[in-house]
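Colleague: Would you be able to build a 3D model of this:
(2 chains)
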Amino acid sequence: MLRKGLSYGWLAARRRIREMVLPVVTTATGAFLVVIVFGMSDGIRAQSASLGHAEEISRAVVLIAVTVLLVGVVEVAVATTRTVAHRTRELGVLGANGVPRRPVVAALLVEPVIAALLGALVGALLAAATGMVLGAVGLAATGVSVEGLILGAAISIGVSIVAALATSIVPTWNAASRPPIRSLTAGG
Amino acid sequence: MCLVRFALANIRRRPERFVLSVLGIALAIACVTVVRTISASFAITGADSVTEVLGSAQLWAVPAAGVHYDNDAQALVADGAAPTITVPAGWTAIRILSGVTEINGSTVSLRGSDEIAGGQATLGSEVADRLGLHSGDRVVVGGQSLAVNLDGRGQSITVATPLAKSVVGDNGWVTIFAPAGEEKRRDLGQIFGGAVGLASTSDPSVKPDPNGGGLIYDTVGGNGPLTFEQKFSALFSGKVTSSTLGLISTIGLALGFVIAVSSFLAAVQERRREFGIMSSIGLADEVLYFFLVESGIVFLTAYLVGVIGAGAAVALVIPGIATPTAWLQAAGMVAAFLPAMAIVGALVPVHRLLQQRPVSLLGDT
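Modeller: Model prediction:
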């Protein structure tokens, strides 16, 4: 049943790809910053050293980049609340036909996970491309670390998916728990 | 009051969206507050370092090579020999030698002054704390054992000029006091600079000409409401806000604002019929007020959460840089632009809504 829920969610997500643009863009912005910060960590450390307190400022840069990524992912959850509101009657129909809560929640979570994953991948790819170009033309004096880019990409993909799931689970769970009659008579 | 109750009722209707909006904006505010805390700490450092140098002097003549803030010594240090000045009658000039030295493995700012007797070392309380020295202790500078006296809060050790000269050479600057009764004049730099043949400025961002004889900073004159210390500290905070940190936090704030607008747009979309009814009975303005109050509640809650979160983050991640004063300054600075964000965040969706005729709002689902 869970697999069917995921398949249903995948079909719905494909249909709603346009609604995912904003969450993908915000997540990609955050992911871009995280990957760039990790890829160009030597340059940032050098800049931090010129300000003094090199270690602490480098830590603060990573903290802030990851926080900005989380800000971007929150938009994924906001988009999920929008989706849930639009699909209230559809959820009512599913509930009225006896579809259990878990597959419905799984179906609703496919969209935020795809948006978060797409955003993180787009941001990471853009950041890697930017890092490579900066490194090639010599604008990054301290060079761009490939290991850093990979680590940044892994962190941004992991954080994006986990944060998208964590922030989207409550609205989707609440929507799937509503009595079908209420969902069917709702305006959305 | 009625508007607040209405806004709270709407928040209760969609609590998860309120929580998400608050979370997004709070994270963005936390980013900016962390960066502003760091920049405020730097500004305080800059103001303290220049106040330590100037004391109550009106002019500061620096060498052609300039001065710089030494991160290890945590004080301003001269990069070249102090300008040669023939002091006009009535003026008082104090030549201070400046450089760095190592004491017990720590880099310390060393200054030389004719006002300090041989065998004595005067320490600011901050450097004394850093070195673990107390009044009456002994400290070795340039191979000589000196008696420690504490005076002021600074990060420098001041010793007699001959001893300082043996360690730092002729590097230093001159602090200048105007004749009695003329201390408040705003053209002191020009008068003194003209008399001694040196250029003067009230802008601390201006660097001396490396091929010239030095530069006089006028700490009293200049246009604008900012004092010389404030302008000097702005140079320090500007380093942070224009760095990677500042750039990333600004992007974070922009994303937070996008989330707020997106969330309000979603709320507007869901409540079209409700606002259609209100508009059709002539309550179009009230729709705007409802959203302004709701936006105000969201931003205020996000501000409190963000600022407190930022305080916890700086205490855990960068305890060596941030101070409670800097955090409070940062919180104040962030509060200054929050109302504008709250108003614009509410206006954008409502403006779109009010562009439409009430009947079209009532017709849609």
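Colleague: From here on, just use CA atoms for contacts and neighbour counts.
Modeller: Will do.
Colleague: For chain A, what lies in contact range of chain B?
Modeller: Applying C-alpha under 8 Å from any C-alpha of the partner chain, one finds that chain A approaches chain B through A:26, A:30, A:33, A:44, A:47, A:51-53, A:56-57, A:59-61, A:64-65, A:67-68, A:70-72, A:74-75, A:77-78, A:81-82, A:85, A:167, A:170-171, A:187-188.
Colleague: Filter those down to the buried ones, PyMOL style.
Modeller: Burial among these is assessed by 16 or more other C-alpha atoms under 10 Å in any protein chain shown; the matching PyMOL selection reads:
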select buried, chain A and resi 26+30+33+44+47+51+52+53+56+57+60+61+64+65+67+68+70+71+72+74+75+77+78+81+82+85+167+171
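Colleague: So which of the residues of chain A next to chain B sit within helices?
Modeller: Among the residues of chain A next to chain B, the members falling in helices (DSSP state H) are A:26, A:30, A:33, A:44, A:47, A:51, A:56-57, A:59-61, A:64-65, A:67-68, A:70-72, A:74-75, A:77-78, A:81-82, A:85, A:167, A:170-171.
Colleague: which helix of chain A spans the most residues?
Modeller: Longest helix of chain A, by residue count under DSSP H: helix A:101-137.
Colleague: Against which helices or strands is that helix packed?
Modeller: Under the contact definition 3 or more C-alpha pairs under 8 Å, 6 or more residues apart in numbering or on different chains; DSSP states H and E, helix A:101-137 sits against helix A:2-15, helix A:21-39, helix A:54-86, helix A:88-96, helix A:146-177.
Colleague: And the shortest one, what's buried?
Modeller: Looking back up the chat, that one is helix A:88-96. Those would be A:88, A:89, A:91, A:92, A:93, A:94, A:95, for helix A:88-96 by 16+ other C-alpha under 10 Å.
Colleague: How much space separates the third one from residue B:59?
Modeller: It stands for residue A:91. Distance of residue A:91 to residue B:59, computed by C-alpha to C-alpha, to the nearest Å: 75 Å.
Colleague: Same check on residue B:303?
Modeller: 42 Å.
Colleague: With residue B:178 instead?
Modeller: 8 Å.
Colleague: Need the overlap of contacts for the two.
Modeller: residue B:188 (C-alpha atoms under 8 Å, 6 or more residues apart in numbering or on different chains).
Colleague: For those two, indicate the residue with more neighbours.
Modeller: residue B:59 (27 against 19; other C-alpha atoms under 10 Å in any protein chain shown).
Colleague: show me the contacts for that one.
Modeller: B:175, B:176, B:177, B:188, B:189, B:216, B:217, B:218, B:219, B:220.
Colleague: so which of these also contact chain A?
Modeller: When C-alpha under 8 Å from any C-alpha is applied, no member of the contacts of residue B:59 is adjacent to chain A.
Colleague: Quick check: the residue of the stretch 151-300 of chain B found nearest chain A vs residue B:204, distance?
Modeller: Distance from chain A to each residue of the stretch 151-300 of chain B (C-alpha to the nearest C-alpha) is smallest for residue B:252, at 4.9 Å. Computed as C-alpha to C-alpha, the residue B:252 to residue B:204 distance reads 31 Å.
Colleague: coming back round to it: can you convert the helices and strands packed on helix A:101-137 into TSV and add a column each for mean pLDDT and distance to residue B:16?
Modeller: Formatted as TSV, the helices and strands packed on helix A:101-137 follow (pLDDT from 0 to 100; distance: least, C-alpha to C-alpha, whole Å):
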stretch	mean pLDDT	distance to residue B:16
helix A:2-15	86	21
helix A:21-39	91	17
helix A:54-86	86	8
helix A:88-96	87	15
helix A:146-177	90	6
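Colleague: in stretch B:80-88, what's buried?
Modeller: Quick answer for stretch B:80-88 (16+ other C-alpha under 10 Å): B:80, B:81, B:82, B:83, B:85.
Colleague: for stretch B:285-293, same thing?
Modeller: Quick answer for stretch B:285-293 (16+ other C-alpha under 10 Å): B:287, B:288, B:289, B:290, B:291, B:292, B:293.
Colleague: Pull the contacting residues for the closest residue to residue A:71 other than its chain neighbours.
Modeller: In space, and not counting its chain neighbours, residue A:71 is closest to residue B:24: 5.0 Å by C-alpha to C-alpha, 6 or more residues apart in numbering or on different chains. Applying C-alpha under 8 Å, 6+ apart, we find residue B:24 in contact with A:70, A:71, A:72, A:74, A:75, B:256, B:259, B:260.
Colleague: can you rerun that using 7 Å?
Modeller: Going by C-alpha atoms under 7 Å, 6 or more residues apart in numbering or on different chains, residue B:24 touches A:71, A:74, B:256, B:259.
Colleague: Nearest to residue B:129, out of the helices and strands packed on helix A:101-137?
Modeller: Ranking the helices and strands packed on helix A:101-137 by their distance to residue B:129 (criterion: C-alpha to C-alpha) puts helix A:54-86 first, at 21.3 Å.
Colleague: got the angle between the one helix or strand residue B:35 maps to and helix A:146-177?
Modeller: Using DSSP states H and E, the element containing residue B:35 is helix B:15-54. In terms of direction (axes from the mean of the first three to the mean of the last three C-alpha atoms, to 10 degrees), helix B:15-54 departs from helix A:146-177 by 140 degrees.
Colleague: What mean pLDDT does helix B:15-54 get?
Modeller: Helix B:15-54 shows a mean pLDDT of 88 in the predicted model.
Colleague: helix or strand right after that helix?
Modeller: strand B:59-62.
Colleague: so what strands line up beside the next helix or strand after that following strand?
Modeller: Tracing the chain past strand B:59-62, the next element assigned as helix or strand by DSSP H and E is strand B:67-70. Here strand B:67-70 has these sheet partners by DSSP bridges: strand B:75-78 (antiparallel).
Colleague: For the partner strand, give me every contacting residue.
Modeller: In contact with strand B:75-78 (C-alpha under 7 Å, 6+ apart) are residues B:49, B:66-70, B:98-99, B:109, B:155-156, B:171-173.
Colleague: if you set the cut-off to 10 Å instead, what comes out?
Modeller: Here strand B:75-78 makes contact (C-alpha atoms under 10 Å, 6 or more residues apart in numbering or on different chains) with B:45-46, B:48-50, B:52-53, B:62-70, B:96-100, B:108-111, B:127, B:154-156, B:168, B:170-173.
Colleague: and it, how far from the chain's centre?
Modeller: 19 Å (C-alpha atoms, centre = their mean, to the nearest Å).
Colleague: With stretch B:92-102 instead?
Modeller: 26 Å.
Colleague: from the contacts of strand B:75-78, which would you call buried?
Modeller: Buried among the contacts of strand B:75-78 by 16+ other C-alpha under 10 Å: B:45-46, B:48-50, B:52-53, B:62-67, B:69-70, B:96-100, B:108-111, B:127, B:154-156, B:168, B:170-173.
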